[in-house]
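Novice: Make a model of this:
(one chain, ligands or ions: 2)
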Amino acid sequence: MAIIGVDINAAKSILERGDLVAIPTETVYGLAGNALDVDVVAKIFKTKNRPTFDPLIVHVDSFERLSEFTEELPKKAVQLTSVFWPGPLTILLKKKAIISDLVTAGLDTVAVRMPRHELARELLRSLNFPLAAPSANPFGYISPTSAQHVQQQLGDKIDYILDGGDCGVGVESTIVSFENELPVVLRLGGISIEEIEGVIGKVEVNSHSSSQPKAPGMLKSHYAPKKRIIAIDALNSETDDLSTFGFLGFSKLDYRFKAENQILLSETESLNEAAKNLFGSLRTLDENPSINTIVVSYVPEKGLGRAINDRLRRATAK
Ligand code: TXA
Ligand code: MG
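Specialist: Ligands and ions are numbered 1, 2, ... in the order given. As a prediction, this is how the structure comes out:
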């Protein structure tokens with residue numbers, strides 16, 4: 001089992017000797033290691049059981065650090081980062097040679113973000129290298145939003161989990177590419193399309209599923225629990241035995257399911273609260289022994305709701 005604690009110095013020395021530490025961010029917990037050391041990066045892929053075609057996000061605490069391994073930011077990237085950094089926004093920038101091809105899966109761009117979580121920032125400030133950090137879950141499974149989630153799944157593979165409490169945003173960062181004239185959102189996340197367009201104008205959204213993904217939280221099936229999981233429209237109330245079904249709803253219970261098998265994301269219909277509760281609620285249903293099928297209902301398709309629905313669609317995809 002890993003030690004769970006708030007000791008920045010312990011985390012720092014593990015990272016400096018070339019090992020991995022799970023770190024809190026405002027979105028989800030990350031499995032972090034020195035982004036400039038290719039052996040450490042290889043450990044990240046191995047520990048997560050992640051295919052090497054799926055590139056990593058590199059985390060920084062300053063623009064000075066960023067400029068050590070990326071080319072200049074395009075104008076719209078400057079505008080976006082000046083509003084949303086530190087925060088749940090990831091941008092793709094041309095990489096310098098110091099970033100290995102393993103980090104970027106051979107692409108000439110590297111994904112970067114400046115997290116807002118205070119412990120992550122403190123840790124990054126104490127290091128003289130940036131941190132590569134994918135979500136701290138086994139590949140394809142639900143992302144972790146607490147130190148305990150990380151412990152359950154990766155606790156036997158790492159020494160230390162930096163405990164920053166429950167993640168405030170609860171879904172991963174929004175990923176934006178500036179390669180085309182029109183910026184492209186490759187993953188819906190903690191900063192909404194509306195917020196982004198409010199700063200840089202129209203963007204294209206291309207977070208569609210693919211089995212040959214360029215940006216693969218884009219994988220069609222992802223973020224999935226172990227149990228059978230279906231969307232509410234795939235429910236057949238006549239033939240299904242609903243007494244063994246669990247339900248993840250937005251704001252209202254569904255009388256067809258047992259009350260104790262239901263979780264609501266936000267009784268007050270807050271999409272922020274729903275995002276924060278999403279992954280933890282899916283885990284709770286996945287762990288409930290009296291449930292064999294999880295039924296999910298979608299939330300309003302606006303703001304953070306789009307990122308939530310995106311995760312629900314991937315979780316229910318075959
Ligand atoms: O909120 C987050 O972004 C969290 C926290 C820990 O920062 N991290 C996270 O990492 O979600 P991960 O590895 O689970 O997702 C990274 C996504 C993948 O879908 C990957 O394909 C995409 O970023 N990505 C990374 N580099 C890319 C690149 N150069 N071009 C396109 N997509 C890229
Ligand atoms: Mg992930």
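
Novice: alpha carbons only for contacts and neighbour counts from here, please
Specialist: Will do.

Novice: show me where the protein has helices.
Specialist: Taking DSSP state H, the helices of the chain run over residues 8-16, 38-48, 63-67, 75-84, 101-104, 118-126, 147-154, 193-200, 271-287, 304-316.

Novice: between these, which one is nearest to Lys258?
Specialist: helix 271-287 (12.6 Å; Cα to Cα).

Novice: which outside residues touch that closest one?
Specialist: 142-145, 167-171, 225-227, 246-248, 250, 261, 263, 265-266, 291, 294, 299, 303-305, 308 (Cα atoms under 8 Å, 6 or more residues apart in numbering).

Novice: so how far is that helix from its chain's centroid?
Specialist: Its chain's C-alpha centre and that of helix 271-287 lie 13 Å apart, by Cα atoms, centre = their mean, to the nearest Å.

Novice: Tell me how far the residue of the chain most remote from its centre lies from Arg256.
Specialist: Most distant from the centre of the chain: Glu238, at 36.6 Å, with distances by Cα atoms, centre = their mean. Separation of Glu238 from Arg256 (Cα to Cα, to the nearest Å): 11 Å.

Novice: Ligand 1: which of the helices of the chain is closest?
Specialist: For the helices of the chain, proximity to ligand 1 was assessed by Cα to the nearest ligand atom; helix 101-104 is nearest, at 5.2 Å.

Novice: for the closest one, what is the average pLDDT?
Specialist: Helix 101-104 shows an average pLDDT of 98 in the prediction.

Novice: And it, what does it pack against?
Specialist: Contacts defined by 3 or more Cα pairs under 8 Å, 6 or more residues apart in numbering; DSSP states H and E place helix 101-104 against helix 38-48, strand 109-113.

Novice: is that helix anywhere near ligand 1?
Specialist: Yes - interface with ligand 1: helix 101-104 contributes Thr104 (Cα under 6 Å from any ligand atom).

Novice: And stretch 53-63, by the same measure?
Specialist: Yes - contact of stretch 53-63 with ligand 1 (Cα under 6 Å from any ligand atom) involves Asp54, Pro55, Leu56, Ile57.

Novice: From those residues, which land in strands?
Specialist: Mapping the residues of stretch 53-63 next to ligand 1 onto strands (DSSP state E) picks out Ile57.

Novice: Same list, the residues of stretch 53-63 next to ligand 1, but as a markdown table with neighbour count and pLDDT please.
Specialist: Listed next are the residues of stretch 53-63 next to ligand 1 as a markdown table, based on neighbours: other Cα atoms under 10 Å; pLDDT from 0 to 100:
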| residue | neighbour count | pLDDT |
| --- | --- | --- |
| Asp54 | 20 | 95 |
| Pro55 | 25 | 97 |
| Leu56 | 24 | 98 |
| Ile57 | 24 | 98 |
